[in-house]
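S.K.: show me the folded form of this:
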Amino acid sequence: MFDRLKAMLVKEFIQVLRDPRMRFVMFVIPVVQTLIFGYAVNTDVRQVSTAVYDLDNSSQSREIAALFLKSGYFRLREQVYDEKRARELVDRGEVKAVLRMNRGLGERLAGGEGGSVQMILDGTDSNTAGIALNYAHRIVDGYSARLRLDAAARKGGAQQQLGGVELESRAWYNENLESRNYYVPAIITNIVFIITMLLSSMAVVREKEIGTIEQVIVTPIGKGEFILGKTIPFVLIGFVNVTLISLVAVFWFEVPMRGSILLLFGATALFLMSSLGIGLLISTVSRTQQQAMMSAFFIIFPAILLSGFAFPIESMPRTVQWITYLNPMRFFLVIIRAIFLKGVGIGILWPQLTALLLLGVAILSTAVLRFKKTLG
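M.R.: Coordinates of the predicted model:
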């Protein structure tokens, strides 16, 4: 049995690795994709393109504008002097925000009266608009607090200020709230799922298409040996991809790795059972590699969308949330992020590991039972 399996493995490795372009796709492209995603998939909002429309032109209005621009969250695109130009910049998408200060603002603030500052936002990108609005509130609130303290100090009554309640927030695991730390580890899930499923989805159908399945049929190799010979190379490729992407995440993007590397590889093995099982199932029901490729892509995109990679599962409709329990990517994403950022172990992650094991056994068993060592 070992000799037959060894011959099968040698054949598969030669077939998979003999093409330089295929080696490039399997080992170089995942690293390139990680670098691209690491820089591109970033929900942190910085340097929002802003126009300043200062109708007051007082020392107070200029100070407020300077606070916005020095914060690092807003970048001056243009100083505008009429409403038409401000609207034109927003309509063209050249600015995402317009800071407007009306006449009389400085006079009211100097007299101890209240004043208002208007922030006009381009709401087509709701995420950027919402975050920019929060930044604006923080800057204005800070400026208002300073004005009140200065007024109290001038009256010699700083001690008369009423006590208040302050909110002190502290983020665990991702102290600086960098979205890159959240998304880069998740790229491991996406790339490993896509690479291993695509390769395994064409494993059996390739034999059918080039006519070598007849040779396999007449050999004494068993069905289990055939499946092992087809999947073991892709398992090793999956582990190599996890290693490469993890190295890029830790040493290039400086994503913390607080958990166990052994647990990471153990969870990867359970996840590969599902991804390879889905690919083999596609391969057994497809007649051509083109059919297998199209079927694989039909599964890949819904799996990523329903995994929690970009959209919170809790925000999805209840029926869709139940469907996500059939998606192995959902559980592996939780494990990956917890290992990298939280450093937790099996004691916390056992529900997700159990779900991966059950899904992997079910999917892989279905694929093995579906495979028939016959031409029919």
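S.K.: near residue 10, how many other residues are there?
M.R.: 12 (other Cβ atoms under 10 Å). (Each C-beta comes from the backbone N, C-alpha and C, glycine too.)
S.K.: same deal with residue 248?
M.R.: 21.
S.K.: go ahead and confirm it touches residue 36.
M.R.: No - taking contacts as Cβ atoms under 8 Å, residue 248 lies outside contact range of residue 36: 11.1 Å.
S.K.: pLDDT-wise, which helix or strand of this protein ranks last?
M.R.: Among the helices and strands of the chain, helix 213-218 carries the lowest confidence by mean pLDDT, DSSP states H and E, at a mean of 61.
S.K.: residues in contact with the closest residue to residue 331 other than its chain neighbours?
M.R.: Spatially, and ignoring its direct neighbours in sequence, residue 331 is nearest to residue 352 (4.1 Å; Cβ to Cβ, 6 or more residues apart in numbering). Neighbour list for residue 352: 267, 331, 332, 334, 335 [criterion: Cβ atoms under 8 Å, 6 or more residues apart in numbering].
S.K.: dihedrals phi and psi, the nearest residue to residue 342 once chain neighbours are set aside?
M.R.: Ranked by Cβ to Cβ, 6+ apart and with sequence neighbours excluded, the top spatial neighbour of residue 342 is residue 173, at 5.1 Å. Main-chain dihedrals, residue 173, degrees, to the nearest 10: phi 70, psi -30.
S.K.: residue 173 contacts residue 341, doesn't it?
M.R.: Yes - here residue 173 reaches residue 341: they are 4.5 Å apart, a contact under Cβ under 8 Å.
S.K.: ok, these two, which is more surrounded?
M.R.: Using other Cβ under 10 Å as the criterion, residue 173 and residue 341 rank with residue 341 on top: 19 against 15.
S.K.: tell me the pLDDT of that one.
M.R.: Per-residue confidence (pLDDT) for residue 341: 89.
S.K.: got a pLDDT number for the closest residue in space to residue 59 that isn't next to it in sequence?
M.R.: With Cβ to Cβ, 6+ apart as the criterion, residue 59 has its nearest non-adjacent residue at 6.3 Å, and that residue is residue 106. pLDDT, residue 106: 85.
S.K.: below-threshold pLDDT in the stretch 201-350 of the chain: ranges please.
M.R.: For the stretch 201-350 of the chain, the stretches flagged by pLDDT under 70 are 210-222, 224.
S.K.: which residue ranges of it form helices?
M.R.: Taking DSSP state H, counting those that start in this stretch to define them, one finds helices in the stretch 201-350 of the chain at 203-210, 213-218, 223-251, 261-285, 289-305, 318-323, 328-337, 346-370.
S.K.: quick check: domain ranges of the chain?
M.R.: 2-41+178-370, 48-160 (automatic domain parsing).
S.K.: the contacts of residue 352: which two are farthest apart?
M.R.: 267 and 334 (9.8 Å; Cβ to Cβ).
S.K.: and the domains of the chain, which is most packed in?
M.R.: domain 2-41+178-370 (a mean of 18; mean count of other Cβ atoms under 10 Å).
S.K.: tell me where the stretch 101-250 of the chain has strands.
M.R.: 118-121 (DSSP state E, counting those that start in this stretch).
S.K.: now the closest residue to residue 208 other than its chain neighbours: how far from residue 206?
M.R.: Nearest residue to residue 208, sequence neighbours excluded (Cβ to Cβ, 6+ apart): residue 287, at 6.7 Å. Per Cβ to Cβ, to the nearest Å, residue 287 is found 11 Å from residue 206.
S.K.: ok, residue 142 next?
M.R.: 63 Å.
S.K.: was I right about residue 34 contacting residue 246?
M.R.: No - look at residue 34 against residue 246 with Cβ under 8 Å: they stay out of range, at 9.5 Å.
S.K.: quick one on the thing from earlier: so what sits against both of residue 267 and residue 334?
M.R.: Joint contacts of residue 267 and residue 334 (Cβ under 8 Å, 6+ apart) are 349, 352.
S.K.: which residues touch the nearest residue to residue 285 once chain neighbours are set aside?
M.R.: Nearest residue to residue 285 in three dimensions, chain neighbours excluded: residue 370, at 7.1 Å (Cβ to Cβ, 6+ apart). Residues near residue 370 by Cβ under 8 Å, 6+ apart: 281, 284, 285.
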